[in-house]
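Enquirer: when you get a sec, could you give me coordinates for this:
(chains A and B)
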There are 2 protein chains.
Amino acid sequence: MTETRKTTIAVDAMGGDYAPEEIVAGAVEAARNNGLEPVLVGPLDVLEPVLAKYDINGLPIRCVHADSFIKEEENPALLAYRKPNSSIAIATKMVKSGEAQGVLGATATGALVTSAINFMGMLDGIDRPVIGGVLSGVAPKTAIFDLGVNMDCKPQHLLTFAIIGTVYARIFLNIPNPTVALLNVGKEEGKGNRLTRETYPLLAQSGLNFIGNVEGEAVMSGAANVIVCDAFVGNCLFKLCECGGDIIGRSFRSKSKNYPLIGWLFKGKIKQMMSTLVPPNSVGGGLIWGINGIAVKMHGHSRASEVASKLGQARLAVERDVVGCLKTELSSIREKISVN
Amino acid sequence: MTETRKTTIAVDAMGGDYAPEEIVAGAVEAARNNGLEPVLVGPLDVLEPVLAKYDINGLPIRCVHADSFIKEEENPALLAYRKPNSSIAIATKMVKSGEAQGVLGATATGALVTSAINFMGMLDGIDRPVIGGVLSGVAPKTAIFDLGVNMDCKPQHLLTFAIIGTVYARIFLNIPNPTVALLNVGKEEGKGNRLTRETYPLLAQSGLNFIGNVEGEAVMSGAANVIVCDAFVGNCLFKLCECGGDIIGRSFRSKSKNYPLIGWLFKGKIKQMMSTLVPPNSVGGGLIWGINGIAVKMHGHSRASEVASKLGQARLAVERDVVGCLKTELSSIREKISVN
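Expert: Alright, predicted model coming up:
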């Protein structure tokens, strides 16, 4: 009996605030528990001493050398030329060459995305990468797209977000036929700005499970599984959700000081209760959509446990063939409404 | 000694879910306590029996007849022609003729705004009405403009919102030199969509107390006194803040059921604590900015206490000469940056 081939994920071991220590620690954890093979990419003289601290005997984990790495402040547009052998470039090229099935990094977003576009390419008909995911723990079955780079959108961009969101919700939220809604300022068709007025009919004829317009609170009330908007609006809502929980928590704690007994009884419990209000380390949330391959971005401040968790998500994205599913969905819907 | 002349506010007594009873009750309350003269406008055969329930002997309150009134579902654009004698039209015309200094209604927004534009006119250089105010009780010194009708904006619109917001914060929040920020997706100049990139330099040279870009969480963290954005984004954030408090409150209450003792001790207190998280009946929040006169909109579901409170705010807007202040500010800033 031959062993099942493990999914290989190339990891930029030098990206992020706590690289390489926490990245290596997370990769070791994933190699132990997550049924995948992480490949740590970076200068071997840096990585090997860190990895040597762990007992990795028999574990599917290894290092690949890269001369250099990208610093947070560097201009991503120039990196492909200046640092063709940086850890993120080498890691991404491993996917292109088939040595790995996906790449993961806490690398600066610009560098990771530029590298992914350069070496893996974009899917047909998608101009720029798209990101999204669940914003709030109170609506764990509601994802928002785009939260990424698409600020000034045309209706067709929002249609693409809807398709991507549908694939996301099927694969990562396990919803077979996700509802899709257009973020707007009123429920009725015809409401909104030029973009939403023109997007509404496009979504209505897309064959997606489009349920119409929803308003801002839908992000937390969970009125749809997928909510589409341009990345400017998406980012504003994201930041409000991300920090709103903390701000409310602080305000709540400060108020509970007026009731010392309750404050005392509540200690610890408040934190536990508030934890579901702030955005979770969103499932599938770091995937860069639109790339012709699996590229996953982690927060710059990711620690070992997030690294292990994101490695598991990258594996899931590979195994469930996110890119293949998206391609199929894109071409089926484009046929239907004969755009592009 | 002559009595100081009271500020007269014309009230559409037929607008709102609880008209005329709650509107009349609120007007009586304001006449008793707020040092102003409300004029109730509507069919006298409807209003007088309601007013007769109160002892108004010596109170500065009276009725003015209007043949008809506007129903919520009617098309506001046609009303000026079809119902020139509706209660909102008569009330607004009283301001035009100088019989009243301001108009207040829980009337449908479209009807109130259309009537205000038709009979009072717009200020020079402002195309469409602007609304705004404080969104969250955790940031009571932070107002957002526009939350109204300006969905597809040009940079100059956002400059106008900044000027309006500055006047709002001075008059209603008592901040002499309010800070102004541009809502954006990052702190640095050059971030954002086309609109914000082009608006930034305009605000920077405006002479307003412009402190740069802020991100979505600023609405609750209170990073600036005035935050400007187009009404699409503003409305999305508004709806999230408005309903977010309720959603979080429900989630919190449901979770506290796991801790029965705490739930029992906390009963009532939770409501009290949460009450500062949801948007307050924002001070000055119903003022329709850009109109050449004072027009104030109340929620359709306003009860007597809100009616009395909004009447007090309308009086404040008149007494502090909101429209005059705005005109001065507009012309001073336009001179400075020679636009329009």
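
Enquirer: what's near enough to touch A:Ala218?
Expert: For A:Ala218, the contacting residues are A:142, A:181, A:183, A:224, A:227, by Cβ atoms under 8 Å, 6 or more residues apart in numbering or on different chains. Using the backbone N, CA and C atoms, a C-beta is placed for each residue, glycine as well.

Enquirer: which of those residues sits closest to chain B?
Expert: Lowest distance from chain B to those (Cβ to the nearest Cβ) belongs to A:Leu183, with 6.4 Å.

Enquirer: how about A:Gly42, what does it touch?
Expert: A:12-14, A:19-20, A:63, A:65-66, A:69, A:87.

Enquirer: same thing but 6 Å
Expert: A:13-14, A:66, A:87 (Cβ atoms under 6 Å, 6 or more residues apart in numbering or on different chains).

Enquirer: and if you look at A:Ile294?
Expert: Neighbour list for A:Ile294: A:102, A:314, A:317-318 [criterion: Cβ under 6 Å, 6+ apart].

Enquirer: the stretch 201-340 of chain A: strands as residue ranges?
Expert: A:209-214, A:226-228, A:294-297 (DSSP state E, counting those that start in this stretch).

Enquirer: okay, now the sheet partners of the second one, with direction.
Expert: On the basis of DSSP bridges, the sheet neighbours of strand A:226-228 come out as strand A:143-145 (parallel), strand A:179-183 (parallel).

Enquirer: if I've got this straight, A:Glu37 is in a strand?
Expert: Yes - looking at A:Glu37 with DSSP: H, G, I helix; E, B strand; the rest coil, it is inside a strand.

Enquirer: pLDDT wise, what is the spatially closest residue to it that is not a sequence neighbour at?
Expert: Once flanking residues are discounted, A:Glu37 sits nearest to A:Pro60: 3.9 Å by Cβ to Cβ, 6 or more residues apart in numbering or on different chains. A:Pro60 carries a pLDDT value of 96.

Enquirer: gap between A:Pro60 and A:Glu306?
Expert: To A:Glu306, A:Pro60 is 20 Å away according to Cβ to Cβ, to the nearest Å.

Enquirer: between the two, which has more neighbouring residues?
Expert: A:Glu306 (20 against 17; other Cβ atoms under 10 Å in any protein chain shown).

Enquirer: where does pLDDT dip in the stretch 201-340 of chain A?
Expert: For the stretch 201-340 of chain A, applying pLDDT under 70 flags the ranges A:245, A:248-249, A:251-284, A:338-340.

Enquirer: now do the strands in the stretch 51-200 of chain A.
Expert: Assigned by DSSP E, counting those that start in this stretch, the stretch 51-200 of chain A shows strands spanning A:62-65, A:102-105, A:132-134, A:143-145, A:179-183.

Enquirer: most widely separated two among the contacts of A:Gly42?
Expert: The two members of the contacts of A:Gly42 with the most space between them (Cβ to Cβ) are A:Ala13 and A:Ala66, at 8.7 Å.

Enquirer: nearest residue to A:Tyr18 other than its sequence neighbours?
Expert: Spatial nearest neighbour of A:Tyr18, excluding adjacent residues (Cβ to Cβ, 6+ apart): A:Arg303 at 6.2 Å.
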